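In: sequence and predicted model, in that order:
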Protein chains: 2
Amino acid sequence: MGEWKGLSREQLSALLDENKKTYDEIKSKGLRLDLSRGKPSPDVLDLSNGLLGALDSYYAEDGTDVRNYGVPTGLPECKRLFSELLGISPDSMIVGGNSSLSHMYNVFSTLYLFGPPGHEPWGRREKVKILCPCPGYDRHFGVSGDFGAEMIAVPMTENGPDMDAVEALVASDESVKGIWCVPLYSNPEGVVYSDDTVKRLASMRTAAPDFRIFWDNAYGVHHVFDEHKIADIMKLSAAAGNAERVYYFFSTSKVTFPGGGIGLFASGPENIKQMTAHITTKTIGYDKIIQLRTVKFFGDANGVRTHMRKIGDVLRPKFELTLSALERDFAGTGLVRCTPPKGGYFVSIDTLNGCAKRVVRLAEEAGTALTEAGATYPYKKDPNDSNIRIAPTYPSLEELRQTMELLSLCIKIASAEKLLAACE
Amino acid sequence: MGEWKGLSREQLSALLDENKKTYDEIKSKGLRLDLSRGKPSPDVLDLSNGLLGALDSYYAEDGTDVRNYGVPTGLPECKRLFSELLGISPDSMIVGGNSSLSHMYNVFSTLYLFGPPGHEPWGRREKVKILCPCPGYDRHFGVSGDFGAEMIAVPMTENGPDMDAVEALVASDESVKGIWCVPLYSNPEGVVYSDDTVKRLASMRTAAPDFRIFWDNAYGVHHVFDEHKIADIMKLSAAAGNAERVYYFFSTSKVTFPGGGIGLFASGPENIKQMTAHITTKTIGYDKIIQLRTVKFFGDANGVRTHMRKIGDVLRPKFELTLSALERDFAGTGLVRCTPPKGGYFVSIDTLNGCAKRVVRLAEEAGTALTEAGATYPYKKDPNDSNIRIAPTYPSLEELRQTMELLSLCIKIASAEKLLAACE
């Protein structure tokens, strides 16, 4: 059918009526589907049920009774597992709790209350600006927003954040204190940061001496298609004389259980010393039982990698179905731009400008929850109102097929309405 | 033998020599014992091993898959269990994480960064003062100290904090913003707050409109002898027009596992609304698997009460041994003051002034760790250098017998040294 932009008012009206009719039929079925959040599906969770069985021993390798108090920065064997998996030294790591998002929040809290080691508390400053590559992860924006940071959107490219823009901002403004990054399979576009991007982030000159990179490697071992790798930001930063620049976050939320995995973070020696002091004031120890369970379940890093391949096998058909539905319904129409993700948990699409909110509302009225339009931008404000994050991981293939059918109709309706309005 | 204070120099020297000889004999055995922290013993932990078995279902009563994301303030059935146990409304409760200490820290963090609802952040004030009934819990002082609060020691009585002193301080000074309380079986003296004390705390006039009580009911169901009850501070505060005055903390650290239990807190509607907003920014949900396990393990509040009686049965002989050793070795000597605790986890003693540090060092040199002298006071400064916290819960009865024997010798040595020095 070709580009919709070239269609006449009559053709657009006909398309609107036709798609609305099908939409109303689907709506009348009263579906209840959810593509809003990046959650693992029950069959993926089932792959980790071995974690929930009886423990054959309550003792860590150094004799620690994991049921009792102590070991606030994580069991040595658990640190070793993650060290092997992620290539991070166990000494630079704090392992505990079930949420890397909580560690991000706690790091922000420490920076605001006490300041980076050797620097004034960010909370005492008139202004703190945080760079937010966009589209990005809404919960990152939630954290920096909670502390009152000014969030500055930076465009994403196929190699990561637009580094020319990033370098210009950090070099010129001392109040630019940090940047959010999801370096491997970025949320939501599934972009892999190039080696050059990582190097520039690690070594760029910043006006703020206490500039920080919040490196959320949430999908660090979550391959769906090819197995991509990113450059080692910890080593590159240290080599560039910026050993304290990076806070590196990871969790097993999407490896084992989001409601009962392990969160961790790593950083430079001064940052880890500071965080350890506050953490040992705050807790007598995280849950070590889940740490021991996780080590026993996986054995070693290769155990995790094998497990992630099984998860990839479940996710791949869901991504393929999503992408092929978009291709089938929109190729040549000019209504949807989508670069297929290289992995991760999401498919990001852009509609015609000014259509995203309408699409999400139409889907919602037909019983299907999508991520709120705008959520992928700071302050929930997508300047083009075009980005939609699709989370295909939770539904079954059949539910996903139905949802993509509905989503196509919603996009066509919103697009026809938009183009018709432009005819007037 | 009577009061040591009336003894001659020669008698004291003889006692010193005699006790030193026995001490050296014990020291040469190279014991490694630990009475420093309030930890449950392995046989108490074993009573909860049922928590670690296989789960027969992954679903909460409302169908929530506990393995997945969500439910940031706690599973309804878990809130119900604690509501029944503690007499607190489920709506005023946030359940999650394995540590009530972390909740205390997070509440302080919120008060310092964002302020109590409707009030300025405490972090923006020149000075914040926190009242610390003493002897008290070192980790409370650690939390308020971390935020730079000025900690003011208030004496404990057999009915709780000296309320005349508390009322005078809070009425006259707007910078007095809070007080730490362990109302049932206080740490370390095992005092039970009287109804009058609780009423006065709930209703007293405070110069600070945002005065807060940090109510750590750590031993709320931890009876060792008689089963004592305290008045309901939440109801009394609300009735006195101070609905937001109290943050109430509890955990199952000493019910099930310190390294894998559940922490919770409760407060007034505005405080809970504020904390919920920050918590939902910070996490997509605490570990719900342990919440479901805990509900399945206990069934209901009576299940917890029955379980706590079993723990009490293990602890009682340890307390009896500790108290009878003190009575046997010190009755009439005037060297040790000790009011037997009504329950909880500790025995608190006072030596002659200026002896506590010496006693702890002597014990340490003979291989026995005691809680650091001074730890029961803010800034680790016991003005009399007399208070020692004994934690009899972890060792076996035989280890405890040996430790108490050593402790007696250390106290006698330090006392003789002190009294001899006074003769000069």
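Out: Sure thing, it's come through. Numbering: from 1, shown residues only, chains lettered A, B, ... in the order given.
In: how about residue A:349, phi and psi?
Out: phi -130, psi 160 (degrees, to the nearest 10).
In: measure the nearest residue to it once chain neighbours are set aside to chain B for me?
Out: Among residues not flanking residue A:349 along the chain, residue A:338 sits closest, at 4.4 Å (CB to CB, 6 or more residues apart in numbering or on different chains). (C-beta placed from N, C-alpha, C; glycine too.) Look at residue A:338 and chain B: by CB to the nearest CB, to the nearest Å, they are 25 Å apart.
In: who are the neighbours in contact with residue A:338?
Out: Going by CB atoms under 8 Å, 6 or more residues apart in numbering or on different chains, residue A:338 touches A:323, A:326, A:347-350.
In: which bits of the stretch 101-250 of chain A sit near chain B?
Out: The stretch 101-250 of chain A comes close to chain B at residues A:101-102, A:105-106, A:109, A:112-113, A:123, A:139, A:142-143, A:145-147, as judged by CB under 8 Å from any CB of the partner chain.
In: how about a markdown table for those, with neighbour count added?
Out: Shown next, in a markdown table, are those (neighbours: other CB atoms under 10 Å in any protein chain shown):
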| residue | neighbour count |
| --- | --- |
| A:101 | 25 |
| A:102 | 24 |
| A:105 | 24 |
| A:106 | 24 |
| A:109 | 23 |
| A:112 | 22 |
| A:113 | 21 |
| A:123 | 20 |
| A:139 | 18 |
| A:142 | 18 |
| A:143 | 23 |
| A:145 | 18 |
| A:146 | 18 |
| A:147 | 19 |
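In: now, which of those residues lie within helices?
Out: Counting by DSSP state H, the part of those found in helices is A:101-102, A:105-106, A:109, A:112-113, A:139, A:142-143, A:145-146.
In: biggest separation within those residues, which pair?
Out: A:113 and A:139 (20.9 Å; CB to CB).
In: before we move on, back to that, drop anything exposed from the contacts of residue A:338.
Out: Taking 16 or more other CB atoms under 10 Å in any protein chain shown as the criterion, what is buried in the contacts of residue A:338 is A:323, A:326, A:347-350.
In: so residue A:183: helix, strand or coil?
Out: coil (DSSP: H, G, I helix; E, B strand; the rest coil).
In: surely it and residue A:194 touch.
Out: No - counting by CB atoms under 8 Å, residue A:183 does not reach residue A:194; the two are 9.9 Å apart.
In: so what sits against both of those two?
Out: residue A:160.
In: let me know the helix or strand that the spatially closest residue to residue A:346 that is not a sequence neighbour is in.
Out: Nearest residue to residue A:346 in three dimensions, chain neighbours excluded: residue A:188, at 3.9 Å (CB to CB, 6+ apart). Per DSSP states H and E: residue A:188 is located in neither a helix nor a strand.
In: for residue A:188, give me its contacts.
Out: A:135-137, A:346-348, A:371, A:376, A:387, A:389-390.
In: next, the buried residues of the lengthiest helix in chain A.
Out: Using DSSP H to define each element, chain A has its longest helix at helix A:301-330. If you call a residue buried by 16+ other CB under 10 Å, then helix A:301-330 has these buried ones: A:301, A:303-304, A:307-308, A:311-312, A:314-315, A:318-319, A:321-323, A:325-326, A:329-330.
In: which of the contacts of residue A:188 count as buried?
Out: Judged by 16+ other CB under 10 Å, buried ones among the contacts of residue A:188: A:135-137, A:346-348, A:371, A:376, A:387, A:389-390.
In: for residue A:105, give me its contacts.
Out: A:143, A:146, B:281-283.
In: swap in 6 Å and give it another go.
Out: A:143, B:282 (CB atoms under 6 Å, 6 or more residues apart in numbering or on different chains).
In: compute the first-to-last residue distance for stretch A:234-246.
Out: With CA to CA, to the nearest Å applied, stretch A:234-246 spans 7 Å between its terminal residues.
In: what does it rub up against?
Out: Stretch A:234-246 is contacted by residues A:199, A:202-203, A:213, A:215, A:233, A:268, A:270-271 when judged by CB under 6 Å, 6+ apart.
In: try it again at 7 Å.
Out: Outside stretch A:234-246, the residues that touch it by CB atoms under 7 Å, 6 or more residues apart in numbering or on different chains are A:88, A:116-117, A:198-199, A:202-203, A:211-213, A:215, A:233, A:248, A:266-271.
In: now do the strands in chain A.
Out: Under the criterion DSSP state E, chain A contains strands at A:33-35, A:93-95, A:129-134, A:150-157, A:160-161, A:176-181, A:212-216, A:246-251, A:263-266, A:347-350, A:368-370, A:387-390.
In: how about TSV for those strands, with mean pLDDT added?
Out: Below are the strands of chain A laid out as TSV (pLDDT from 0 to 100):
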stretch	mean pLDDT
strand A:33-35	87
strand A:93-95	98
strand A:129-134	98
strand A:150-157	98
strand A:160-161	98
strand A:176-181	98
strand A:212-216	98
strand A:246-251	98
strand A:263-266	98
strand A:347-350	97
strand A:368-370	94
strand A:387-390	97
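In: for residue A:4, which of those is the nearest?
Out: For residue A:4, the closest of these is strand A:347-350, at 14.7 Å, according to CB to CB.
In: CA atoms only for that closest one, dumped as PDB, please.
Out: Extracted in PDB, the C-alpha atoms of strand A:347-350 (Å, rounded to 0.1, in the frame of the first residue of the first chain):
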ATOM      1  CA  VAL A 347      11.300  -3.700  21.400                       C
ATOM      2  CA  SER A 348      11.200   0.000  21.000                       C
ATOM      3  CA  ILE A 349       9.200   1.600  18.200                       C
ATOM      4  CA  ASP A 350       8.500   5.100  17.000                       C
END
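In: what is the neighbour count of the closest residue to residue A:59 other than its chain neighbours?
Out: With sequence-adjacent residues excluded and distances taken as CB to CB, 6+ apart, residue A:59 is closest to residue A:65, at 6.1 Å. For residue A:65, the count of nearby residues is 20 (other CB atoms under 10 Å in any protein chain shown).
In: what residues are up against residue A:65?
Out: A:58-59, B:42, B:45.
In: again, 8 Å this time
Out: A:58-59, B:42, B:45, B:259.
In: buried ones from these, can you make that a PyMOL selection?
Out: Buried residues within these, by 16+ other CB under 10 Å, are selected in PyMOL with:
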select buried, (chain A and resi 58) or (chain B and resi 45+259)
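In: make CSV from the contacts of residue A:65 and add distance to residue A:363 to it.
Out: Shown next, in CSV, are the contacts of residue A:65 (distance: CB to CB, whole Å):
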residue, distance to residue A:363
A:58, 49
A:59, 51
B:42, 55
B:45, 51
B:259, 45
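In: from the contacts of residue A:65, which single one is nearest residue B:421?
Out: Using CB to CB, these come closest to residue B:421 at residue B:42, 42.5 Å.
In: excluding its backbone neighbours, what's nearest that closest one?
Out: residue A:65 (6.6 Å).
In: need the strands of chain A in CSV (columns: distance to residue A:170).
Out: CSV is the format used below for those (distance: least, CB to CB, whole Å):
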stretch, distance to residue A:170
strand A:33-35, 35
strand A:93-95, 26
strand A:129-134, 7
strand A:150-157, 10
strand A:160-161, 11
strand A:176-181, 5
strand A:212-216, 10
strand A:246-251, 14
strand A:263-266, 22
strand A:347-350, 25
strand A:368-370, 34
strand A:387-390, 25
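In: tell me which of the ones you listed lies nearest to residue B:24.
Out: Nearest of these (CB to CB): strand A:93-95, 43.1 Å.
In: so where's the stretch 1-150 of chain A shaky on pLDDT?
Out: Flagging of the stretch 1-150 of chain A using pLDDT under 70 yields the residue ranges A:1.
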